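>>> okay, sequence plus prediction incoming.
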Amino acid sequence: MAVELRYYTLSVRDLDRAAAFYGGLFGWEFKREHERYLHVTNTAVPMGFVADGPSSQPNLYYHVTDVDAAVKRVGELGGSTSDVHGSKSGRGCSCTDDQGTVISLWEPAPGFA
């Protein structure tokens, strides 16, 4: 299976303001996962908002079937990763390639693929 973009987040200061703005602009609907995360429920490519300050770039999550194996491979190729974290939607981590580009790896939980 080819690895594809399967999730992304936008970093914002205030989740409620983001919901009002993007909901009004695009018609997006939301589900609050916890105090720092808001999931968009009606888009073809799943996405959400993270309350950790504005960023000019989205956080791109690439679907992997085994995040632990992917973390190992990143290291073999000269990159680095953060610690793997878990949530309702699965397990993931940020990844920096050997040139400094940052993406995220995501192993979805059942029902989130």
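Arrived safely.

>>> please make it C-alpha for all contacts and neighbour counts, starting now.
Fine.

>>> do a quick rundown of the strands in the chain.
5-12, 30-34, 37-40, 47-51, 59-63, 80-81, 85-87, 90-96, 102-108 (DSSP state E).

>>> what's the second one packed up against?
For strand 30-34, the packing partners by 3 or more Cα pairs under 8 Å, 6 or more residues apart in numbering; DSSP states H and E come out as strand 37-40.

>>> and the strand it packs on, C-alpha only, in CSV?
Extracted as CSV, the C-alpha positions of strand 37-40 are listed here (Å, rounded to 0.1, in the frame of the first residue of the first chain):
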residue,chain,number,x,y,z
TYR,A,37,-8.4,19.5,20.0
LEU,A,38,-11.4,20.0,17.8
HIS,A,39,-12.2,17.4,15.1
VAL,A,40,-13.9,18.4,11.8
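
>>> just the residues contacting that strand, thanks.
By Cα atoms under 8 Å, 6 or more residues apart in numbering, the surrounding residues in contact with strand 37-40 are 15, 28-33, 46-51.

>>> got the domain ranges for this protein?
1-54, 64-113 (automatic domain parsing).

>>> could these be laid out in a markdown table, adding mean neighbour count and mean pLDDT?
Output for these, formatted as a markdown table (neighbours: other Cα atoms under 10 Å; pLDDT from 0 to 100):
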| stretch | mean neighbour count | mean pLDDT |
| --- | --- | --- |
| domain 1-54 | 15 | 89 |
| domain 64-113 | 16 | 91 |
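
>>> returning to that earlier point: looking at the contacts of strand 37-40, spot the one nearest Asp66.
Distance to Asp66 across the contacts of strand 37-40 (Cα to Cα) is lowest for Pro46, with 19.5 Å.
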